[in-house]
Each structure stands twice: as structure tokens, then as C-alpha cells.
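**Q** Please find the sequence and the predicted model below.
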Amino acid sequence: MSVRDVYQKIEPRMKKTIEAFQHEIASIRTGKATTTLLDRIKVEAYGQQMPLKQVGNVGVLDVHTLMVQIWDKSMVAATEKAIRDANLGLNPAADGQNIRVSIPPLTEERRKEFVKLTKKFGEDSKISLRNLRRDMIHEIEKLEKDKAISEDDKNKGKKDADELLHKFEKQLTDLIVLKEKEIMEV
């Protein structure tokens, strides 16, 4: 195993951390309708908890309204209840087999809470990235100890680990700033 192998093993894991962060913040409300708002909602269906996407189609009707088309008429009430109980501040209204979900404008206080939540998710992701960097350095040091690489290779590998960390931390910071701007936009 070489330093390059270690690098190629850690880099995809760092990318996955960024993707997980993006998925996490996609469900944070911004005052605009987006289907990802309802991604985490589970509906009591057929005796088990099912993701909302498995009960019906979720679409954007306009900037402030989501539409959920339920496939099974008997699931409308359970779906409506699940959306209401999801603690997102949404009030769904059933209309036949469709459920309209109006996205109310966010208060200033709620916007600030969502910014804090975004920063918390960001910090958790940065910790994950730093742990991956630590793992990379640990593997590189082990390679040097086992005489598989030279001390110069070890030092270059540590430098590469730092550069990789900074690259992904910058991406994360840019995503946080973008999401904050989106949340605070009235």
C-alpha cells in the first residue's frame, strides 16, 4: 500500500461526508416550497412506518405550495396527520386524494434557529472530515513504521492530507454560507 492508495481510500469518504451534509440541509425550511422538506416524513401505512415518497407523489405547485398526490385513498388522513405531526410548522389540507401543503413565511426568530441548525450540521460534518484526515495520517504513519514508505513520503502524505481537508472544509463552508443566505432571504 502507498500514500496514494490511502489518499484514494479517504477522498471518496470525504465526498460522502459533503453529500450527507447537503442532504441534511436540504430538509431545512427556507420559506420556499421544495420537495426535500417532506423527505424525512414517515407515514403509518399498512401497519408499518413508510417514507412519504412510498405513499404518493410529492411535487411543487408554486413557490409557496407543495402538492402530495396519494395513491391509496385510505392513506390520505394518515399522510395528512404525519405531515402535521412532523414538527415542520406545516398545515396540510386534504382535497380528495391530494394534499396541499402551504409553506408559510418564516419568522425572523425561526430563520435564526434554522441558521443555527445549519451551522451545527456543518460543524458535525467538519468534525467527520477532521476524523478522516486523522485516519489518513495514522495510516501513513503506520506505512512508514512498517518501512513501506520513506519519511519524505510520510511528510508529503501528511501535507496531502491537510490539503485534502482544507479543500473539503472550504466546500462545506461555502455550502453553509449559501444555505444561510437562502434561509435569511425574505
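**A** Alright, I've got the coordinates. As the structure is a computational prediction, the values presented were derived from the model and not from experiment. Numbering: from 1, shown residues only.
**Q** Could you use CA atoms for every contact and neighbour count after this?
**A** Noted.
**Q** Helices of this protein, start to end?
**A** For the chain, the helices defined by DSSP state H occupy 3-26, 76-84, 108-145, 151-184.
**Q** Show me the contact partners of the second one.
**A** In other words, helix 76-84. For helix 76-84, contacts defined as C-alpha atoms under 8 Å, 6 or more residues apart in numbering pick out 38, 41-45, 52, 70, 90-94, 97-99.
**Q** circling back to that earlier point, okay, the helices of the chain in CSV with distance to residue 64 and mean pLDDT next?
**A** As requested, the helices of the chain are exported to CSV (distance: least, C-alpha to C-alpha, whole Å; pLDDT from 0 to 100):
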stretch, distance to residue 64, mean pLDDT
helix 3-26, 16, 92
helix 76-84, 16, 89
helix 108-145, 16, 93
helix 151-184, 14, 93
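**Q** Need those helices in a markdown table (columns: mean neighbour count).
**A** Shown next, in a markdown table, are those (neighbours: other C-alpha atoms under 10 Å):
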| stretch | mean neighbour count |
| --- | --- |
| helix 3-26 | 16 |
| helix 76-84 | 19 |
| helix 108-145 | 18 |
| helix 151-184 | 17 |
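**Q** so how far is residue 37 from the one residue sitting closest to the centre of the chain?
**A** The centroid of the chain falls nearest to residue 24 when counting by C-alpha atoms, centre = their mean (1.9 Å). From residue 24 across to residue 37, the span is 10 Å (C-alpha to C-alpha, to the nearest Å).
**Q** Tell me which residue of the protein is furthest from the middle?
**A** Largest separation from the mean C-alpha position in the chain: residue 147, at 40.5 Å (C-alpha atoms, centre = their mean).
**Q** Per-residue pLDDT of it, please?
**A** With respect to pLDDT, residue 147 has a value of 89.
**Q** Quick one: residues contacting it.
**A** Residue 147 sits next to no residue when contact means C-alpha under 8 Å, 6+ apart.
**Q** can you list the helices of the chain in JSON lines and add distance to residue 56?
**A** Output for those, formatted as JSON lines (distance: least, C-alpha to C-alpha, whole Å):
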{"stretch": "helix 3-26", "distance to residue 56": "20"}
{"stretch": "helix 76-84", "distance to residue 56": "9"}
{"stretch": "helix 108-145", "distance to residue 56": "27"}
{"stretch": "helix 151-184", "distance to residue 56": "27"}
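**Q** Out of those helices, the one nearest residue 32 is which?
**A** helix 151-184 (9.2 Å; C-alpha to C-alpha).
**Q** which other helices and strands contact the closest one?
**A** Using 3 or more C-alpha pairs under 8 Å, 6 or more residues apart in numbering; DSSP states H and E as the contact criterion, the elements in contact with helix 151-184 are helix 3-26, helix 108-145.
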